[in-house]
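**Student:** One predicted model, sequence on top.
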2 protein chains.
Amino acid sequence: MSESWVNQRRGLVICVSGPSGVGKGTVISRVQALRPDLALSVSVTTRDPRPGERDGVDYYFRSADEFRRMLDEGEILESDCYCGNSYGTPRTPLEMMINRGTDVLMDITVPGSLAVMQNYPSVITVFLLPPSFSELRRRLAGRGTEQPDMIEKRLQKAREEIGKACLFQYNLINEDIDETARCILSIIEAEHCRQGRLPDLEEAILAH
Amino acid sequence: MSESWVNQRRGLVICVSGPSGVGKGTVISRVQALRPDLALSVSVTTRDPRPGERDGVDYYFRSADEFRRMLDEGEILESDCYCGNSYGTPRTPLEMMINRGTDVLMDITVPGSLAVMQNYPSVITVFLLPPSFSELRRRLAGRGTEQPDMIEKRLQKAREEIGKACLFQYNLINEDIDETARCILSIIEAEHCRQGRLPDLEEAILAH
């Protein structure tokens, strides 16, 4: 695309979600391996950095007061608490990246995704589904890290979360990781071509 | 996709349009070269078959009376007259193909596309744009087949047609044929993943 107005192409924000065990993290890593120019959204947290973790790379490390201020000012698109610490997705770094034309992936929980849809309506939303519920059970049990009652709890939660798939723009059955990753790349490419994505496109073409 | 309910995937109808000279035909041929399983919609016409033309392959050859009956019965999605003969896009062969799971491309004029949107709302619509209006002029002049006043007439029509791009779901700038063809394939893949494309998907997954 050599013409100057086409270079105004902004990045897109793509939220990838799905129930625990569906393989979200693996799929996102595969997408990034295929397209290293895609960025991954960095979360903000109130927990202390662990050895080797870098501010702005692994997380944005902020105080509880600062986190609260960010929440009050609408700077946090979605947030959650875990082991007494807060985690959230900050708006400003995201907007800086898309203004530079970088596409940004978000690896996010189902409730977090619903909050992002509210607070950032231009987000593109992808829900990963297991090929079947019994396959999800196999995957969760196969990790070998959890007790049966914990697995049942996760499955119950997954069942509720799968009911939210209809609120996402795209539903992918994650049967084959490569195929799912390629589908996500196709979605990103197609979404860039959606009508209205480049402002005043027709006028620019007619004027040149 | 090994699970039986996923095999219920229906084909999509993709209408590719744009002004004269934008390279529609070339792009569609390239798409078909990359994906030979995609079908091309076959038009119905009242003109006589030329030597070697086969009914149902090149065109559906029908009498003027039959064409009129098809129009009256809503069987023709869009139609046009040229040199005293009628041409149109029939609905039934399209529906038979998508019911078999085949994606169907339509190479169609801008007014024809607007008619299809009315008569077949589930169509996916792609508008090809030239990189610039001066490039479109170069392409039309470069054909060397037309007089300057005819070129000006086509450019005037193209200018009006480009104003309709905003009515199409996707707008592609056809600068590089391969890139445009790949974008169309991405659009088809992404559209297959749109929420709601597979009826009762969540229920089927939870039940298995």
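**Tutor:** Happy to help now that I have it.

**Student:** how much space between A:Phe61 and A:Thr45?
**Tutor:** Applying CB to CB, to the nearest Å, the value for A:Phe61 to A:Thr45 is 6 Å. Just so you know, the C-beta spots here come from the backbone N, C-alpha and C atoms, and that holds for glycine as well.

**Student:** Where does pLDDT dip in chain A?
**Tutor:** Counting by pLDDT under 70, chain A has low-confidence residues at A:1-7.

**Student:** Where do the strands of it begin and end?
**Tutor:** A:13-17, A:39-40, A:44-45, A:60-61, A:76-82, A:85-90, A:104-107, A:124-129, A:170-173 (DSSP state E).

**Student:** can you list the domains in chain A?
**Tutor:** Annotated domains of chain A cover A:1-38+A:103-208, A:42-101 [automatic domain parsing].

**Student:** Next, the distance between the ends of the last one.
**Tutor:** In terms of CA to CA, to the nearest Å, the two terminal residues of domain A:42-101 are separated by 17 Å.

**Student:** Could you find the closest non-adjacent residue to A:Arg143?
**Tutor:** Using CB to CB, 6 or more residues apart in numbering or on different chains and skipping residues adjacent in sequence, the residue nearest A:Arg143 is A:Gly21, 7.7 Å away.

**Student:** for the domains of chain A, which one ends up most surrounded?
**Tutor:** Ranked by mean neighbour count, these are led by domain A:1-38+A:103-208 with a mean of 18 (mean count of other CB atoms under 10 Å in any protein chain shown).

**Student:** distance of A:Arg139 from chain B?
**Tutor:** 13 Å (CB to the nearest CB, to the nearest Å).

**Student:** What of A:Leu155?
**Tutor:** Relative to chain B, and taking CB to the nearest CB, A:Leu155 is found at 10 Å.

**Student:** can you pull the contacts of that residue?
**Tutor:** Taking CB atoms under 8 Å, 6 or more residues apart in numbering or on different chains, we find A:Leu155 in contact with A:133, A:136-137, A:140.

**Student:** which of those lies closest to chain B?
**Tutor:** Ranked by distance to chain B (CB to the nearest CB), the contacts of A:Leu155 are led by A:Phe133 at 5.2 Å.

**Student:** check contacts around that closest one.
**Tutor:** Counting by CB under 8 Å, 6+ apart, A:Phe133 has contacts A:155, A:158-159, A:162, B:205-208.

**Student:** Return the distance of it relative to B:Gln195.
**Tutor:** 19 Å.

**Student:** what's near enough to touch the residue positioned nearest the centre of chain A?
**Tutor:** Centroid-nearest residue in chain A, with CA atoms, centre = their mean: A:Met106, separated by 2.0 Å. A:Met106 sits next to A:13-16, A:40-41, A:89, A:116, A:123 when contact means CB under 8 Å, 6+ apart.
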